[in-house]
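1. give me the fold of what follows.
(4 chains)
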Number of protein chains: 2
Amino acid sequence: MNIGQASKASGVSTKMIRYYDEIGLVRPASRTESNYREFDEREVNELRFIRRARSLGFSMPEITQLLSLWRDRERPSREVKAIAEKHVNELDARIAEMQTMADTLRHLSHCCAGDDRPDCPILADLTGGRSPVESKGADVRGR
Amino acid sequence: MNIGQASKASGVSTKMIRYYDEIGLVRPASRTESNYREFDEREVNELRFIRRARSLGFSMPEITQLLSLWRDRERPSREVKAIAEKHVNELDARIAEMQTMADTLRHLSHCCAGDDRPDCPILADLTGGRSPVESKGADVRGR
DNA sequence: GATAGGGCTTCCCACCATGGGAAGGTCAAG
DNA sequence: CTTGACCTTCCCATGGTGGGAAGCCCTATC
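-> Okay, the predicted model is just below:
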């Protein structure tokens, strides 16, 4: 199976397959005489694995770990769970951050007349955000 | 005021100030004889504006628009509000996406014993995610 | 057997916002 | 006049992803 077929079978673009190869995420697939990459079922399964893990928001380093656990039949599920839980915590943190942003903006938007007049609490907040109301969500800065 | 002072006064790093200058987000500040950038209160306020807008998750293009509205004393607040609401919608969409990821993972984690044994529903889901339980959140793929 | 087309290879570029660091000019205090 | 802190520009890296060029390879059709 060549890279195009592996791409169709796994749902991962050829670009990305080459990239994963380059960074050593998937075994450097064997090559034909004419230097074409050759894939078997196992590699296609790994590509599907990566695609699914990406869709759950795992980073490449995390996927590297997950893949090596996946390959190891003796792995303790504890380790997999730890990675997943850490990732959930990161997701929750980012969600909370964005939720704060959205809530702040919703509040400001709510207070904005949204007509032809130039007065705008949204711009006022961006200008300095000093008033007690807006400063509710003023500490999102650091990330 | 030179770039270091403007940085301290605005909370924006010198690197970023130069970048904003480069992409034309802030007026190409005037220069001294020895080619040092010169900042006045107005520019520092713009930098603070940008920092606050970034902290609310606005993209650079959005900030460009917001800045030009901010500079225009005749702006209709309608336009500002429209940008803010659009951004809130984008935030909500991304939050929902990540929420789905987190929920799926929480569920899988919950089902994982997390002990020395190798059986792991998390890896099982990544492998194919075919079982009815896991497939609950299996359609996050596309973004 | 030649030619066309599509697939494969590598290599470079771009995104977006940010930081690191080098090489060299400038300023102010001692 | 030296020192140290600051300024300048320029290049590089990040993380995943895509676009595209130049050139080789394979297959099918004539």
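2. partners of the helix or strand of chain A with the lowest mean pLDDT, with directions?
-> Between all helices and strands in chain A, the lowest mean by mean pLDDT, DSSP states H and E belongs to strand A:30-31, at a mean of 89. Strand A:30-31 pairs in its sheet with strand A:37-38 (antiparallel), by DSSP bridges.
3. helices or strands up against the helix or strand following the partner strand?
-> Downstream of strand A:37-38, the first helix or strand assigned by DSSP states H and E is helix A:41-55. Judged by 3 or more Cβ pairs under 8 Å, 6 or more residues apart in numbering or on different chains; DSSP states H and E, the packing partners of helix A:41-55 are helix A:3-10, helix A:14-22, helix A:60-71, helix B:121-127. All C-beta spots, glycine's among them, are computed from the backbone N, C-alpha and C.
4. the longest helix along chain A - contacts with which helices or strands?
-> What stands out as the longest helix in chain A, according to DSSP state H, is helix A:77-111. Contacts defined by 3+ Cβ pairs under 8 Å, 6+ apart place helix A:77-111 against helix A:60-71, helix A:121-127, helix B:77-111, helix B:121-127.
5. can you lay out those helices as a markdown table showing mean neighbour count, distance to DNA strand C and mean pLDDT?
-> Output for the helices and strands packed on helix A:77-111, formatted as a markdown table (neighbours: other Cβ atoms under 10 Å in any protein chain shown; distance: least, Cβ to the nearest atom of the strand, whole Å; pLDDT from 0 to 100):
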| stretch | mean neighbour count | distance to DNA strand C | mean pLDDT |
| --- | --- | --- | --- |
| helix A:60-71 | 16 | 15 | 93 |
| helix A:121-127 | 22 | 15 | 93 |
| helix B:77-111 | 18 | 12 | 94 |
| helix B:121-127 | 22 | 24 | 92 |
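6. got these as CSV, with distance to A:Arg48 columns?
-> As requested, those are exported to CSV (distance: least, Cβ to Cβ, whole Å):
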stretch, distance to A:Arg48
helix A:60-71, 11
helix A:121-127, 45
helix B:77-111, 16
helix B:121-127, 8
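7. what about the residue nearest the centre of chain A, which SS state?
-> Chain A has A:Gly57 as the residue nearest its centroid, 3.5 Å off, counting by Cα atoms, centre = their mean. Look at A:Gly57: counting by DSSP: H, G, I helix; E, B strand; the rest coil, its state is coil.
8. how close does it get to A:Leu47?
-> Between A:Gly57 and A:Leu47 the computed distance is 18 Å (Cβ to Cβ, to the nearest Å).
9. coming back round to it: what does the least confident helix or strand of chain A contact?
-> A:37-38 (Cβ atoms under 8 Å, 6 or more residues apart in numbering or on different chains).
10. how far out from the middle of the chain is that strand?
-> Put simply, strand A:30-31 sits 30 Å off its chain's centre (Cα atoms, centre = their mean, to the nearest Å).
11. again, but for stretch A:70-90
-> Chain-centre distance of stretch A:70-90: 17 Å, with Cα atoms, centre = their mean.
12. now it - C-alpha only, PDB.
-> Taking C-alpha atoms only, stretch A:70-90 is exported to PDB below (Å, rounded to 0.1, in the frame of the first residue of the first chain):
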ATOM      1  CA  TRP A  70      -0.700   1.300  22.700                       C
ATOM      2  CA  ARG A  71       2.100  -0.700  21.200                       C
ATOM      3  CA  ASP A  72       3.000  -2.100  24.600                       C
ATOM      4  CA  ARG A  73       0.800  -5.100  25.400                       C
ATOM      5  CA  GLU A  74       2.000  -5.000  29.000                       C
ATOM      6  CA  ARG A  75       1.100  -1.400  29.700                       C
ATOM      7  CA  PRO A  76      -0.600  -0.600  32.900                       C
ATOM      8  CA  SER A  77      -3.900   1.200  32.100                       C
ATOM      9  CA  ARG A  78      -2.900   3.500  35.000                       C
ATOM     10  CA  GLU A  79      -0.500   5.300  32.700                       C
ATOM     11  CA  VAL A  80      -3.000   5.800  29.900                       C
ATOM     12  CA  LYS A  81      -5.500   7.100  32.400                       C
ATOM     13  CA  ALA A  82      -3.000   9.600  33.800                       C
ATOM     14  CA  ILE A  83      -2.300  11.100  30.400                       C
ATOM     15  CA  ALA A  84      -6.000  11.300  29.700                       C
ATOM     16  CA  GLU A  85      -6.800  13.000  33.000                       C
ATOM     17  CA  LYS A  86      -4.000  15.500  32.700                       C
ATOM     18  CA  HIS A  87      -5.300  16.400  29.200                       C
ATOM     19  CA  VAL A  88      -8.900  16.700  30.600                       C
ATOM     20  CA  ASN A  89      -7.500  19.200  33.200                       C
ATOM     21  CA  GLU A  90      -5.800  21.200  30.500                       C
END
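13. fine by me, thanks again.
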